[in-house]
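K.L.:
Sequence and predicted structure are below.
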Amino acid sequence: MTDPLPAYAVASAQGCRIRLSDGRELVDGMSSWWCAIHGYNVPALNEAAAAQLGRMAHVMFGGLTHAPAVELARRLIGLVPQGLDRVFFCDSGSVSVEVAIKMALQFWSAQGRPERTRLLSIRGGYHGDTFGAMSVCDPVNGMHERFTAVLPRHLFADRPKSRYGEPLAARDIESFARLIRAHEGELAAVILEPIVQGAGGMWFYSADYLREVAALCRRHDVLLIADEIATGFGRTGRLFACEHAGITPDILCLGKALTGGYLSLAATLATERVARGVSADGGVLMHGPTFMANPLACAVAARSIDLLITSPWQERVAAIEARLRAGLAPLAPHPDVADVRVLGAIGVVETREPVRVAELQRRFVDRGVWIRPFGRLVYLMPPYVICASELDQLTGAMVEVLSETR
Ligand code: PMP
């Protein structure tokens with residue numbers, strides 16, 4: 001890069017604090033892009049990694065299998081919405097989206113419907129940085145735009161305006177309903193982020209919309225892929241965001257917090273119908289990455305799940321939600337602020353104009369907090385183990401910095 005934003009050197013991280021190499025300590029408001037839900041340097045996760053390291057760091061997952069993968073798959077099946085009992089492990093969130101898309105395409109081609117290759121998504125979505133994932137990100141505000149010439153052309157319904165907690169305004173589903181009706185014969189799947197659209201705009205939408213989408217997918221026999229890479233493992237106040245609407249997708253993508261933020265690992269889960277469909281012509285899923293089901297990552301992920309479900313995570317997330325609401329409320333009337341919204345352990349301040357990231361970041365670091373804004377969004381997504389005073393430090397810094405940068 002010719003003119004990069006400043007980067008701060010990190011020496012270590014512990015609990016909810018990141019220590020810079022110059023000795024300064026920052027309260028973490030980001031969970032390292034949503035993944036470090038238990039904070040950093042977590043004894044139980046360190047122990048799981050060390051124990052697995054003594055057995056094997058890695059072994060190929062073709063023709064071989066191992067306990068860490070089997071145990072993790074068992075845990076996931078027990079946790080996710082019922083019916084998703086087939087698990088494919090891969091390297092990262094973006095790759096799990098690629099795998100989900102491949103599952104859907106292979107499902108239809110194996111049933112003699114090779115023309116069903118298109119995907120339907122909603123505007124304002126974000127699904128990752130690889131080409132298949134990019135092709136279903138928001139076509140305007142995603143990076144998508146720069147690569148339009150080489151991306152497959154998919155379909156995008158309007159973003160639902162009805163907010164989380166509100167009933168669905170009837171016209172909100174019209175665009176989606178029209179597109180699925182008009183294109184059902186060529187659609188392989190619908191892909192969306194349930195309830196919370198993350199990097200595409202941090203928008204929380206009505207659970208009724210998700211319910212309607214799931215019903216329309218069933219009616220038109222189109223597969224539904226839920227991308228819970230950002231929302232999975234409790235972030236929205238439910239273990240999985242699909243639970244807000246009581247739906248089970250055909251395919252589910254998980255990543256980020258899967259390993260508690262320790263290692264890169266993702267999973268694509270599917271129903272038995274999808275799994276059987278993919279193999280209907282005798283084939284196997286056409287994907288086999290080198291580090292598939294990496295034992296080290298699987299062992300840490302299994303321990304991270306145990307840590308989560310044996311912790312009072314629901315109370316913790318509810319307490320974070322209440323404190324974020326109270327802490328960010330003073331910004332709502334600010335003339336430069338367009339909207340303040342909170343759901344689970346996610347607090348968002350949307351500004352009217354794009355923020356000056358480098359300047360804001362410096363001011364946050366000066367106040368001892370780590371907050372990384374983008375575009376018109378300044379948001380908090382702390383580890384679930386954050387304490388009240390640390391949380392107040394984060395919201396206090398947001399209020400101060402955003403008030404003074406008028
Ligand atoms: N889907 C969603 C909803 C995401 O938030 C992200 C990451 N920001 C991805 C997919 C891509 O995951 P990864 O960065 O691990 O490739």
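P.N.:
Happy to help now that I have it. Numbers count the residues shown, from 1 in each chain.
K.L.:
pretty sure Gly165 belongs to a strand, no?
P.N.:
No - using DSSP: H, G, I helix; E, B strand; the rest coil, the assignment for Gly165 is coil, not a strand.
K.L.:
got the contact list for it?
P.N.:
Residues counted as contacts of Gly165 (CB atoms under 8 Å, 6 or more residues apart in numbering) are Ser206. The way it works is simple: take the backbone N, C-alpha and C, and place the C-beta from them, glycine included.
K.L.:
Show the model's pLDDT score for it.
P.N.:
The predicted local confidence for Gly165 comes out at a pLDDT of 97.
K.L.:
Repeat that for Val337.
P.N.:
pLDDT, Val337: 97.
K.L.:
partner residues bridging it?
P.N.:
Beta bridges link Val337 to Thr351 when assigned by DSSP bridges.
K.L.:
I'd assumed Val355 was in contact with it.
P.N.:
No - the pair Val337 and Val355 does not pass the contact test of CB atoms under 8 Å, sitting 10.9 Å apart.
K.L.:
Could you check how far Leu76 is from Phe233?
P.N.:
To Phe233, Leu76 is 10 Å away according to CB to CB, to the nearest Å.
K.L.:
hey, where'd the strands end up in the stretch 101-250 of the chain?
P.N.:
118-122, 155-157, 187-192, 196-197, 203-204, 223-227 (DSSP state E, counting those that start in this stretch).
K.L.:
any residues in contact with both of Leu76 and Phe233?
P.N.:
In contact with both Leu76 and Phe233: Leu254, Ile305, using CB under 8 Å, 6+ apart.
K.L.:
the more surrounded of the two?
P.N.:
Phe233 (25 against 22; other CB atoms under 10 Å).
K.L.:
hang on, that one packs against Gly255?
P.N.:
No - look at Phe233 against Gly255 with CB under 8 Å: they stay out of range, at 10.0 Å.
K.L.:
Do you have the strands of the stretch 301-406 of the chain handy? List them.
P.N.:
Using DSSP E, counting those that start in this stretch, strands in the stretch 301-406 of the chain cover 337-343, 346-351, 369-370, 377-380.
K.L.:
Could you measure from the residue in the chain that the ligand sits nearest to over to Ala44?
P.N.:
Residue nearest to the ligand within the chain: Gly93 (2.1 Å; CB to the nearest ligand atom). Using CB to CB, Gly93 is found at 23 Å from Ala44.
K.L.:
what about these two, which has more around it?
P.N.:
Each of Gly93 and Ala44 has its neighbours counted (other CB under 10 Å); Gly93 has more, 29 against 15.
K.L.:
Skipping its backbone neighbours, what lies nearest that one in space?
P.N.:
Of all residues not flanking Gly93 in the chain, Gly255 sits nearest, at 3.5 Å (CB to CB, 6 or more residues apart in numbering).
K.L.:
Next to the ligand, which bits of the protein? Give me the list.
P.N.:
92-94, 97, 126-128, 193, 198-199, 227, 229-230, 255 (CB under 6 Å from any ligand atom).
K.L.:
Lovely, talk soon.
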